[in-house]
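S.K.: okay, here's the prediction I keep looking at, along with the sequence it came from:
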Amino acid sequence: MQRGTDTTLAASVLARGGLVAFPTETVYGLGADATRPEAIAKVFAVKGRPAAHPLIVHVAPGAALDEYARDVPASARALASAFWPGPLTIILKRGKRIAAEATGGSETVGLRVPSHPMAIELLVKVGVPIAAPSANRFGRVSPTTADHVAADLGDDIEYLLDGGACSVGVESTIVDLSDASAPALLRPGGVSRAELERVLAQPLGARTSTPAPGTLPSHYAPRARVIAVAPDQLASAARAAGARVAILAPHSVIAGAKLPPDLARIALPDAPDAEARALYAALRELDARGVDTIIAALPADTSGVAEAIADRLRRAAGPREDGT
Ligand code: TXA
Ligand code: MG
């Protein structure tokens, strides 16, 4: 693997069907040309992802939605103009320019214009949409730095575009508008439910279609077992959990929790935006320390990006039927 900041080289790797990991404002993506089935097959192989699980397709700013989607409703154009470039994925009916393989055979496609300047430069240079899941093995914690990507997938990608630490830190919000009469929030993320409902002028429903991997009970999981609890339950949960336990919570929650002084911990920032930015690196750090159990504090107030933090902690704590 080569690593650097050369978007021209990265674009040439993509153009010949290779894999490039690249930064977005949410998390790093594992990218391939979304119009080439053989390039997309490599993404599924490297990620260890079931072939029926759709990838998000990244497009350049100003790209015409109608090139990549059919029957685009006015609500999608309104969301796109309000939040793109940015951490929002919109599910629409798939257009012809997107290979069916990229969407796991689904007749819908998730589209997103990322706001990271390097991602935009890459999309503009390569001139095709880029299909990209988060650049981690299936089910694991998404990478928010180039080092995370190198540790997870370093041997399997041709080029790693290093754009520093991601500014949002959790994955994009996913809104399903493939049935425009029933907009649904499939995954909370960097754009909040309240912001979306304001632009849509209607409440968002819950998912009605088949489950996507990011919505499986266990996903976004570190190696250590995660127990997600209310802030006032941290100390009692830690006592019950046994040896090699660590606490993961915002500073103010830790300060108020009366924890035993020898109990391992990572204190996250109190502001939800900063907490989201630091969350995945902290989960990785606790794995690196060899912790067996992470007791994580759920946000007390789940407005804004805190809804995404709560969602990811709950999924990290979910049952792990397949052992991954
Ligand atoms: O922030 C993000 O969204 C990052 C960056 C790289 O853009 N990408 C990301 O991709 O999180 P991934 O593949 O790890 O998660 C994408 C989620 C999955 O849960 C997938 O099933 C869902 O989006 N998804 C993608 N296309 C879909 C579709 N057509 N219908 C329903 N769900 C879809
Ligand atoms: Mg992912």
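M.R.: Yes, it's here. Ligands and ions are numbered 1, 2, ... in the order given.

S.K.: which other residues reach stretch 64-84?
M.R.: Here stretch 64-84 makes contact (Cβ atoms under 8 Å, 6 or more residues apart in numbering) with 57, 59, 61, 88, 90, 92-95, 97-98, 109, 111-113, 115, 129, 175, 177, 180, 183, 191, 195-196, 199-200. No exception for glycine: its C-beta is placed from N, CA and C like everyone else's.

S.K.: what subset of those is buried?
M.R.: 57, 59, 88, 90, 92-95, 97-98, 109, 111-113, 115, 129, 175, 177, 183, 191, 195-196, 200 (16 or more other Cβ atoms under 10 Å).

S.K.: R207: what's it in contact with?
M.R.: So R207 contacts 176, 184-186, 215 (Cβ under 8 Å, 6+ apart).

S.K.: from one end of stretch 199-206 to the other, what's the distance?
M.R.: Start-to-end span of stretch 199-206 (Cα to Cα, to the nearest Å) is 18 Å.

S.K.: could you see whether ligand 1 lies near that stretch?
M.R.: No - Stretch 199-206 does not reach ligand 1 (Cβ under 6 Å from any ligand atom); its nearest approach is 13.2 Å.

S.K.: quick one: that stretch to chain centroid distance?
M.R.: 22 Å (Cα atoms, centre = their mean, to the nearest Å).

S.K.: quick check: mean pLDDT of it?
M.R.: Regarding stretch 199-206, the rounded mean pLDDT is 95.

S.K.: now do the same for P217: its pLDDT.
M.R.: Note on P217: pLDDT of 63.

S.K.: kindly report the same for the one 5 residues further on.
M.R.: The score at P222 is 93. That number is its pLDDT.

S.K.: just give the closest residue to it, not the sequence neighbours.
M.R.: Nearest residue to P222, sequence neighbours excluded (Cβ to Cβ, 6 or more residues apart in numbering): L283, at 4.3 Å.

S.K.: just S134 next, same as before
M.R.: S142 (3.9 Å).

S.K.: what's the local residue count around the one you found?
M.R.: 26 (other Cβ atoms under 10 Å).

S.K.: let me see the ranges of the strands in the stretch 151-300 of the chain.
M.R.: Counting by DSSP state E, counting those that start in this stretch, residue ranges of the strands within the stretch 151-300 of the chain are 159-161, 173-176, 184-187, 225-229, 245-250, 264-268, 293-297.
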